[in-house]
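Novice: Dropping a prediction and its sequence here:
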Amino acid sequence: MTTESTTNLQVRAAIPRTVAIKGSRTTEDFLAYERAKKRKAAIRRVFRGAVGICGLLVLWHIMSVAYDLQLILPTPFAVLRRVFGMLTLDTSRWLYGPNVYVHLALSFQRAMIGFGLAAALAIPLGLLIGRIPTLREYLAPVITAFYPVPGIAWIPLAILWFGLSDKAVIFVVFMTAFFPLYFSTEAGARQINPLLIDAGRCFGAQRLKLFYHVVLPATVPYITTGMRIGLGGAWRMIVAGEMLASAEGIGYMLMEARFNFRAVDLMTAMILISIIGYLTELLIVRLIEKRTTEKWEVKTS
């Protein structure tokens, strides 16, 4: 029996019965089946997500109209019109200083700097503490002692240290994003199967090579989970920080909208935060997750 026929037999064995009956007997047919299956799953997820969002919008509209709450709960149509007006720089009802793009850019810059600093410190520290028990005994109690302090509690201290400046906002974002990044990374590094370490050493991996080829790939799912949680925390805290310690940014817009009793502007700012936060998670965390899992062939649940 030739190698080609053996390969075809293996592929035919792996093809589901429903596909085999239709005559799919080659590797190309099997790959086409897998692509079609993934495409259908993606379409199904998008459809179901759209149904969920539409259901929420309908419920929102019914509550706003049925209970006559347009003053404090504007209808989705009113909010969407205001979103369009802000993004097209409609200044007829603008009360918030610079245009919305300036506020969004400042908030994005502060959030990414704080999150980046937290990741630069928390991920290496988590890897080291997770793999070195002696270091963990010294530093883990210190980090754990600060963990229960909520991020918003750091704002008064940040204002005292840095004044009403970007540094104060970046500091509270850093303190909020640091802990989920650290604890996720440390847990992943600590719970690596010892068999993987032994296998790496059997193949001659030592120190840095062992870290790069075994420890880091095995910890990637934990790191990306921590990044996802930390990034969400960074966007939540950027709003709180700008409300209290800044005269610019999307959090400042929220506070000013409350002072002016403009619920439609307040909800518009919330929607813009949601969109920017989702896009940053999509472009940063999911991109890193995809690149690392493909490079190191890490299987995630």
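Specialist: Cool, the structure landed.
Novice: Can you spell out the domain ranges of the chain, please?
Specialist: 3-69, 79-296 (automatic domain parsing).
Novice: would you turn those domains into JSON lines with mean neighbour count and mean pLDDT?
Specialist: Bear in mind the C-beta positions are built from the backbone N, C-alpha and C, glycine included. Converted to JSON lines, the domains of the chain look like this (neighbours: other Cβ atoms under 10 Å; pLDDT from 0 to 100):
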{"stretch": "domain 3-69", "mean neighbour count": "12", "mean pLDDT": "71"}
{"stretch": "domain 79-296", "mean neighbour count": "18", "mean pLDDT": "83"}
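Novice: So which residue is dead centre in this structure?
Specialist: Arg228 (3.2 Å; Cα atoms, centre = their mean).
Novice: Now that residue. Nearest residue, chain neighbours left out?
Specialist: Val285 (5.0 Å; Cβ to Cβ, 6 or more residues apart in numbering).
Novice: The one you found is in contact with Ile229, isn't it?
Specialist: No: the criterion here is Cβ atoms under 8 Å, and Val285 misses it with Ile229 at 9.7 Å.
Novice: List of residues touching the helix or strand harbouring Ser274?
Specialist: Counting by DSSP states H and E, the element that carries Ser274 is helix 263-280. Applying Cβ atoms under 8 Å, 6 or more residues apart in numbering, the contact partners of helix 263-280 are 71-74, 78-79, 82-83, 86, 93, 95-96, 100, 104, 107-108, 111-112, 231-232, 235, 239, 250, 253-254, 257-258.
Novice: now with 6 Å?
Specialist: By Cβ atoms under 6 Å, 6 or more residues apart in numbering, the residues outside helix 263-280 that reach it are 72, 74, 78-79, 82-83, 235, 250, 253-254, 257.
Novice: Among those residues, name the ones in helices.
Specialist: When those are checked against helices (DSSP state H), the matches are 78-79, 82-83, 235, 250, 253-254, 257.
Novice: so who does Glu281 touch?
Specialist: Leu231.
Novice: repeat that for 8 Å
Specialist: 228, 231-232.
Novice: go on, Phe179?
Specialist: Residues near Phe179 by Cβ under 8 Å, 6+ apart: 122, 143, 146-147.
Novice: From the contact counts, what lies against the strand or helix carrying Glu28?
Specialist: Secondary structure from DSSP H and E places Glu28 in helix 27-66. Contact here means 3 or more Cβ pairs under 8 Å, 6 or more residues apart in numbering; DSSP states H and E; on that basis helix 27-66 packs against helix 3-14, helix 17-21, helix 76-87.
Novice: can you do 7 Å?
Specialist: Packing partners of helix 27-66 (3 or more Cβ pairs under 7 Å, 6 or more residues apart in numbering; DSSP states H and E): helix 3-14, helix 76-87.
Novice: quick one: which of the contacts of Glu281 sit in helices?
Specialist: 228, 231-232.
Novice: Turn those into JSON lines, including distance to Tyr278.
Specialist: What follows is those, written out as JSON lines (distance: Cβ to Cβ, whole Å):
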{"residue": "Arg228", "distance to Tyr278": "11"}
{"residue": "Leu231", "distance to Tyr278": "10"}
{"residue": "Gly232", "distance to Tyr278": "10"}
